[in-house]
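Participant: sequence unknown, structure follows:
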């Protein structure tokens with residue numbers, strides 16, 4: 001399995017590591033470049049093979065909405081966004 005993970009704070013960062021330990025490929029994006037594997041949502045989407053799965057772990061509300069809106073412009077029909085915020 002391959003997925004993108006947006007938001008690498010306490011919960012998202014731990015999820016990335018657990019999923020990787022299980023043998024899956026995870027590309028992580030965070031506003032903090034020290035935590036990120038990629039440096040933009042566009043780069044994240046470009047790393048994933050279709051159909052893509054992107055899991056969003058950012059705070060509920062405006063942050064989640066703006067992230068999902070931006071992903072909506074980058075992803076294709078059949079791709080999946082999981083809102084974990």
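Facilitator: That came through fine. These numbers were taken from a predicted model, which means no experiment stands behind them.
Participant: What residues sit buried inside stretch 74-82?
Facilitator: Across stretch 74-82, burial judged by 16 or more other Cβ atoms under 10 Å covers 75, 79, 81. Quick note: C-beta positions are derived from backbone N, CA and C, even for glycine.
Participant: Return the set of residues that bridge with residue 80.
Facilitator: residue 53 (DSSP bridges).
Participant: Surely it and residue 50 touch.
Facilitator: No. Assessed by Cβ atoms under 8 Å, residue 80 is found out of contact with residue 50, at 10.5 Å.
Participant: Show me the strands in the chain, by range?
Facilitator: Secondary structure of the chain, counting by DSSP state E: strands at 2-6, 25-29, 53-56, 80-83.
Participant: Of all those strands, which one is nearest residue 13?
Facilitator: strand 25-29 (7.7 Å; Cβ to Cβ).
Participant: Quick check: mean pLDDT of the closest one?
Facilitator: Averaged across strand 25-29, the pLDDT comes to 98.
Participant: residues in contact with it?
Facilitator: 1-8, 12-13, 16, 19-20, 35-41, 43-44, 47-48 (Cβ atoms under 8 Å, 6 or more residues apart in numbering).
Participant: Selection in PyMOL covering whichever of the residues you listed are buried, please.
Facilitator: This is how PyMOL selects the buried members of the contacts of strand 25-29, with burial counted by 16+ other Cβ under 10 Å:
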select buried, resi 3+4+5+6+7+8+12+13+16+19+36+37+38+41+44+48
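Participant: how about the strands of the chain in JSON lines, adding distance to residue 70?
Facilitator: Output for the strands of the chain, formatted as JSON lines (distance: least, Cβ to Cβ, whole Å):
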{"stretch": "strand 2-6", "distance to residue 70": "10"}
{"stretch": "strand 25-29", "distance to residue 70": "11"}
{"stretch": "strand 53-56", "distance to residue 70": "10"}
{"stretch": "strand 80-83", "distance to residue 70": "11"}
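Participant: what about the nearest residue to residue 45 once chain neighbours are set aside, distance to residue 55?
Facilitator: Distances taken as Cβ to Cβ, 6 or more residues apart in numbering place residue 74 nearest to residue 45, at 4.5 Å, with adjacent residues excluded. Going from residue 74 to residue 55 by Cβ to Cβ, to the nearest Å gives 15 Å.
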